[in-house]
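Visitor: A structural model of the following input is requested.
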Amino acid sequence: MTIADRLGPLRAAAEHELREDILPYWATTAVDRRQGGFFGAVSVDGRPDPSAGKGGVLNARILWTFSAALRRRPEPLYREMADRAFDYLLEHFWDPEHSGLYWEVDHLGRMLQGRKQTYGQAFGIYALVEYFRATGVRDARDRAMRLFEDIETHALDPSNGGYWEARGRDWQPIDDIRLSDLDLNAPFSMNNHVHLLEAYTTLALVCEDPRPRARLRALLELMLDRILDAQSGHLILFFDEHWRPMSGVISYGHDIETSWLICEAAGVVGDPTLTSRAQAAAVKMADAVLADGYDAELGGVYTERTAEGYLKTDKEWWPQAEAVVGYLNAYQISGREEHLAAAIKTWDFIDAFVIDRRDGEWYTYVSREGVAAPGLTKVDFWKCPYHDARAMLEIMERTHQLEPAGSR
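Guide: Numbers count the residues shown, from 1 in each chain. Down below sits the predicted model:
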């Protein structure tokens, strides 16, 4: 079987899933026609909760998704949804007094939690830049630069490098800086820096100011030098203020997602030496997940391994999406069959078990064998279209790049 025979069906399946399932779901079921914007929660079978609060990260991720789709195909529906998310973000999440984005508003768009989580500001940048790239609306790029200024002014640690997790609404220090109840109350986290890297990568593409690119370089070097454990090929999740590790948990989804994001960042920085370092790290990370966190029998990536060594074999939706991209990226670098095989087999698992063929979109969690966990949501503070939609777009682009020209 030729490479075209293997990649062509994968690309076609990804495009169908994006155009016929993911985007239509978020343009219909998730839209809050009465109260504005998008619902903060929708049940697994498509019943919205009109009283649920609305998260800034969810809104930004919706904005990114429809903007990314619009940039590649100018469909009126994609523009309508991107405009809807952009307008709601600026009207309800933007802090007119202190700048920055609120963490959460209530169902009517009134501020519930005004804290300035650095992670949330990063997703604001990521979404606003993509909207600018799709529409040319300059206010979006200007707002993204304002968020960059806010982060660099209030969240950067000038002594130890890196970025603090959170500040209060007025950008003053607060005691509880956790991203969620599942996280440690640690000054620095992998997750925060990964998504700042992601945001600054896109900002540097559209900004004439040299500072975003300079800060992107510093972030990438921080990822490679401190956050990535060079020996194991896994990311360290939490650190104290002196960059001493505070966690032994391995998050396979973050490992494989970061493996391709560092390559994207290095490409924008434009330093061949740094690109070589990032690509070598990406392959090592992909191999580390393949050795310990990948289900070679059934396909798919496990959730995590605890600090005590217990392997959680359930399969959350977003690591599966990131794994297909991460292994395609590793294959583009290495040319090794096991990377391509892992990408295709993970997609086969998604196609068979993670996509909800009855009610649309993807299940949040399935068991190792693919049985959907009961009672979970399709839309909530964290369940969003960004991972799966982005993966479909990346699959479409990367398979095109990998196919021999004469076979397209």
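
Visitor: Could you check the pLDDT of the nearest residue to residue 13 once chain neighbours are set aside?
Guide: Closest residue to residue 13 apart from its sequence neighbours, by CB to CB, 6 or more residues apart in numbering: residue 351 at 6.5 Å. For the C-beta atoms, the positions are set from N, CA and C on the backbone; glycine is no exception. Residue 351 carries a pLDDT score of 98 in this model.

Visitor: Likewise for residue 116?
Guide: 98.

Visitor: pull the longest helix from the chain.
Guide: Identified as the longest helix of the chain according to DSSP state H is helix 272-292.

Visitor: So what touches that helix?
Guide: 217, 220-221, 224, 228, 230, 232-235, 250, 252, 255-256, 258-260, 262-263, 265-267, 269, 301, 305, 323, 326-327, 329-330, 333-334, 338-339, 342 (CB atoms under 8 Å, 6 or more residues apart in numbering).

Visitor: what's the next secondary structure element after the strand or helix carrying residue 124?
Guide: Assigned by DSSP states H and E, residue 124 belongs to helix 118-135. Moving toward the C-terminus from helix 118-135, the next helix or strand (DSSP H and E) is helix 138-154.

Visitor: Could you list the buried residues of that next one?
Guide: Neighbour counts over helix 138-154 (16 or more other CB atoms under 10 Å) mark 140, 141, 143, 144, 145, 146, 147, 148, 150, 151, 154 as buried.

Visitor: where does the chain have low pLDDT?
Guide: 405-408 (pLDDT under 70).

Visitor: Just the helices from it, written as ranges.
Guide: Under DSSP H, the chain gives helices at 3-17, 23-28, 56-72, 76-88, 118-135, 138-154, 190-206, 211-222, 252-269, 272-292, 317-334, 337-349, 386-402.

Visitor: starting at the chain centroid, how far to the first one?
Guide: In terms of CA atoms, centre = their mean, to the nearest Å, the centre of helix 3-17 is found 22 Å from the chain centre.

Visitor: now swap in the fifth one and tell me
Guide: For helix 118-135, the gap between its own C-alpha mean and the chain's C-alpha mean amounts to 12 Å (CA atoms, centre = their mean).

Visitor: How about the last one?
Guide: Counting by CA atoms, centre = their mean, helix 386-402 is centred 13 Å from the centre of its parent chain.

Visitor: The longest helix of the chain vs helix 211-222, what angle?
Guide: Taking axes from the mean of the first three to the mean of the last three CA atoms, to 10 degrees, one finds helix 272-292 and helix 211-222 inclined to each other by 50 degrees.

Visitor: List the buried residues of helix 272-292.
Guide: Those would be 274-275, 277-279, 281-290, 292, for helix 272-292 by 16+ other CB under 10 Å.

Visitor: List just the nearest of these to residue 393.
Guide: residue 282 (19.0 Å; CB to CB).

Visitor: Identify the residues contacting the spatially closest residue to residue 376 that is not a sequence neighbour.
Guide: Closest residue to residue 376 apart from its sequence neighbours, by CB to CB, 6+ apart: residue 364 at 4.3 Å. Neighbouring residues of residue 364 by CB under 8 Å, 6+ apart: 44, 316, 317, 373, 376, 377, 378, 383.

Visitor: Would you quantify the distance from the second one to residue 368?
Guide: Between residue 316 and residue 368 the distance, using CB to CB, to the nearest Å, works out to 12 Å.

Visitor: quick one: which of those two has more around it?
Guide: More crowded of residue 316 and residue 368, by other CB atoms under 10 Å: residue 316, with 24 against 16.

Visitor: bridging residues for that one?
Guide: Residue 316 has the following beta-bridge partners by DSSP bridges: residue 365.

Visitor: right, and it touches residue 253 too?
Guide: Yes - under the criterion of CB atoms under 8 Å, residue 316 makes contact with residue 253 at 6.7 Å.

Visitor: between those two, what contacts are shared?
Guide: By CB under 8 Å, 6+ apart, the residues touching both residue 316 and residue 253 are residue 303.
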